[in-house]
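Student: Next come a sequence and a model predicted from it.
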Amino acid sequence: GFGAGPVLLRPDPTTLLQMPWRPQHGRVVHMFCDLVALDGTPHPQDIRWQLKELAQQMECTVAAEMLFALYKLDEQGRPTTEPQDEAGYLDIAPTDRGENVRRAICLTLEQMGIQPESSHHGAGPGRNLIRYQGAGPLKAADNMVTFQAVVRTMADQNGLFAEFPHPPRLFITQGANVREAVPLLPPGSFNPVCVARSCAEARRKLLERGFDLVLINSPLPDGPGLPLAEDLCAETEAGVLLLVPAGVYEETAAQAQQSGVITLHKPSSRLLASHSLQALCAMRERLRARGRRQVAVEEKIRELQMIDRAKWVLIEKKGFTEPEAHRALERMAMEQRITKVQAAQRVVGGISI
């Protein structure tokens, strides 16, 4: 797959890491390699070398929150499509059955120099999320490969199968084939792809499922594509890239920018399209992180409101003072081995304390 001629692997000793799950006697390590030609020059298809070159032109830290899914194995040890559990976002044990696997993953990552920051159940059966400390672009890419190897190994040791699902992408174009319509998309980098051939068909697909990214190749048979792009930015979390003819690019881009739509003119180079998609993904993840923080704050406010309601119930019905009501809730939580919020819910629901 690297074209004509031999290719050599040049190990990068700075990436040497011991595999903690292998026996201590006769230790096993892994490290990354660069692809080089026989004369020692970098191979043009070596993505790692390309990333090295790009990293020299920028200074940034790349953080990652990795999504992976855990599935059961059949009697022959083959992967099934049955998820490990039926838990939802931020669920805990016993509903969340991936807790021990995530813990094993985090401990192993720490041993390999990758510092986890958070781990929890994801949104959907069998789905899990682990966030680890950021690094420079090249180191972050190496860490991602190491992370996937650790996840698959820990899952296997627990009798499970791990995969890294990608939310589907929606491509809206008049063309019958995505590659024919816009050959500048990075091949294989943005799969799986669903195709819609009009705004109306796209809206029907959007009602059926959510999409991670939406690429609109305008104009479309039933409209210019911009109104659809603006609606998507306003109503969904999907990143939206609008491809428009060069003749209307300036006018369209100025209007689209106000709605958060990234616009790219046609024809364009694959490199520019790739950079636009990367920027789109980064912007989308930043917005999602902000949304998660907002959800956490709102949940904390609801918990405090529930505790305050429970205190007022105890003050009115039991004649407690505020400090006494507070201590009563804490005592109930400890004795029944539940959270303080759960204790408050029971008091508000009429359970005697």
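Tutor: Everything's here; your move.
Student: which stretches of this structure form helices?
Tutor: In the chain, the helices defined using DSSP state H lie at 47-55, 99-111, 137-157, 178-181, 199-208, 226-235, 249-257, 270-318, 322-336, 340-348.
Student: Could you tell me the least trusted of the ones you listed?
Tutor: Note on these: lowest mean pLDDT is at helix 178-181, with a mean of 47.
Student: shouldn't L264 be in contact with H275?
Tutor: No - using Cβ atoms under 8 Å, L264 is not in contact with H275, being 9.7 Å away. In short, each C-beta sits where N, CA and C put it, glycine included.
Student: These two: which is more packed in?
Tutor: L264 (21 against 13; other Cβ atoms under 10 Å).
Student: distance of the more buried one from Q257?
Tutor: L264 sits at a distance of 12 Å from Q257 (criterion: Cβ to Cβ, to the nearest Å).
Student: Tell me which strands the longest strand seen in the chain pairs with, and in which orientation.
Tutor: The single longest strand within the chain, with elements called by DSSP state E, is strand 62-73. Partner strands and pairing direction for strand 62-73 (DSSP bridges) are strand 79-83 (antiparallel), strand 127-135 (antiparallel), strand 160-163 (antiparallel).
Student: how about those strands, which one is nearest P227?
Tutor: Checking these against P227 by Cβ to Cβ gives strand 127-135 as the closest, at 33.2 Å.
Student: Measure how buried L160 is and give me the count.
Tutor: There are 21 residues near L160, going by other Cβ under 10 Å.
Student: just to revisit the earlier point, would you turn the strands paired with strand 62-73 into a markdown table with mean pLDDT?
Tutor: Converted to a markdown table, the strands paired with strand 62-73 look like this (pLDDT from 0 to 100):
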| stretch | mean pLDDT |
| --- | --- |
| strand 79-83 | 86 |
| strand 127-135 | 90 |
| strand 160-163 | 92 |
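Student: which stretch among the helices of the chain comes nearest L220?
Tutor: Closest approach to L220 among the helices of the chain is made by helix 199-208 (5.5 Å; Cβ to Cβ).
Student: Let me know the angle separating the closest one from helix 226-235.
Tutor: Helix 199-208 runs at 20 degrees relative to helix 226-235, counting by axes from the mean of the first three to the mean of the last three Cα atoms, to 10 degrees.
Student: Using JSON lines, lay out the strands paired with strand 62-73 together with distance to T108.
Tutor: Output for the strands paired with strand 62-73, formatted as JSON lines (distance: least, Cβ to Cβ, whole Å):
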{"stretch": "strand 79-83", "distance to T108": "21"}
{"stretch": "strand 127-135", "distance to T108": "11"}
{"stretch": "strand 160-163", "distance to T108": "13"}
